[in-house]
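Enquirer: sequence unknown, structure follows:
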């Protein structure tokens, strides 16, 4: 199938390389013209390193032209950070055509941002926007055009906007991820599967001292101690309580399953945490004020969770506390701004009206 990948980060290169190795026609769009030209000079090749060794593959197109990148594509995949979504959505919006599916893994309700951008641009094509709970690959770039993939997801619970387009969207996404995609309902349910705002805020806040002390620090290894795991489980209980208050049913993919040696498999399957820490790829220099775990998972992710919790009538004391502490660490106020239902233009909707929008879309 024809797949377009948007972005130039770890997830985008993992996607582009993995899809191309599977025989799909892959186009890569990114905004950095100098890097695009360098990639073309390197014959548009991506090197993938994984358990099978080191393999090279060639992309069909590498471009800064988003219209050319998505022309006739069945699936458009955008694993860019949440704080980049609005700009990318605006650039993409006029060019989408009937039956195309935009998949954001994960997104913090970014599927709605992309759908609204298309609607606001006057695009009335029959489109579907979807998101899931985690990036399909645990991956890190090892050079400008080389990516190491440590783990591939085994379960990706996926929500679709509008829900009425779910069958078509899941069918298209399932061709790219055979046997991995399962429906979790609408896009808000998909957004509330996002693991990043649960696992990363405790790790980056509760490890702030050693992060600033050591040149490099693996928060998933030395930073994942019993006390932090207990806080993570309590924060995850707030997420699940919000899902339950909105009548989203199980499975909720509790983060505890990511670390467990038995019981239900989490999104990355059994033993993924050990493979992640054994790889050494997450031993890195972290600048607290700049890192994606702080800017995206904490500020954007938890502000969204607390906003939805208010609509659902659920308490989120830990999420609120992490927003306050994270803001203090960064010298700001994360309790204001961020991503909220009001900021997305949904603040005037009650639960019933929001559910109607999630099901039928803007029509």
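Expert: Okay, I see it. Model, not experiment: these values are computed from the prediction.
Enquirer: show me what contacts the residue positioned nearest the centre of the chain?
Expert: The chain has residue 106 as the residue nearest its centroid, 1.9 Å off, counting by Cα atoms, centre = their mean. Going by Cβ atoms under 8 Å, 6 or more residues apart in numbering, residue 106 touches 131-135, 191, 193-196. For glycine as for every other residue, the C-beta is placed from the backbone atoms N, C-alpha and C.
Enquirer: ok, so of these, who is nearest residue 309?
Expert: residue 191 (12.5 Å; Cβ to Cβ).
Enquirer: hang on, isn't the closest one packed against residue 104?
Expert: No. Using Cβ atoms under 8 Å, residue 191 makes no contact with residue 104, being 9.6 Å away.
Enquirer: anything in contact with each of these two?
Expert: Taking Cβ under 8 Å, 6+ apart as the contact rule, the neighbours common to residue 191 and residue 104 are 110-111, 131.
Enquirer: Could you tell me which of the contacts of residue 106 are located in helices?
Expert: 191, 196 (DSSP state H).
Enquirer: Okay, helices next: where are they in the stretch 1-150 of the chain?
Expert: 10-21, 33-41, 66-70, 85-92, 110-120 (DSSP state H, counting those that start in this stretch).
Enquirer: Please identify the deepest-packed of these.
Expert: Ranked by mean neighbour count, those are led by helix 10-21 with a mean of 25 (mean count of other Cβ atoms under 10 Å).
Enquirer: rewinding a little: the contacts of residue 106: which two are farthest apart?
Expert: Among the contacts of residue 106, 135 and 191 lie farthest apart (Cβ to Cβ), at 14.6 Å.
Enquirer: how far away is residue 266 from residue 78?
Expert: 23 Å (Cβ to Cβ, to the nearest Å).
Enquirer: Pick out whichever of the two has more residues nearby.
Expert: Per other Cβ atoms under 10 Å, whichever of residue 266 and residue 78 has more neighbours is residue 78, with 27 against 24.
Enquirer: List the residues that contact that one.
Expert: 5-7, 85, 88, 92, 102-104, 110, 114.
Enquirer: And for residue 71?
Expert: residue 95.
Enquirer: Go again with 10 Å.
Expert: Residue 71 is in contact with 2, 4, 27, 61, 65, 95, 97, counting by Cβ atoms under 10 Å, 6 or more residues apart in numbering.
Enquirer: Helix or strand: which one has residue 303?
Expert: Remark: residue 303 resides in helix 303-312, with elements defined by DSSP states H and E.
Enquirer: Tell me which other helices or strands that helix touches.
Expert: helix 187-191, helix 196-206, helix 226-245, helix 317-329, helix 351-360 (3 or more Cβ pairs under 10 Å, 6 or more residues apart in numbering; DSSP states H and E).
Enquirer: and of these, who's closest to residue 277?
Expert: By Cβ to Cβ (comparing all of these), the closest turns out to be helix 196-206, at 12.3 Å.
Enquirer: what is the mean pLDDT for the closest one?
Expert: Averaged across helix 196-206, pLDDT comes to 97.
Enquirer: Please consider this matter closed, and thank you.
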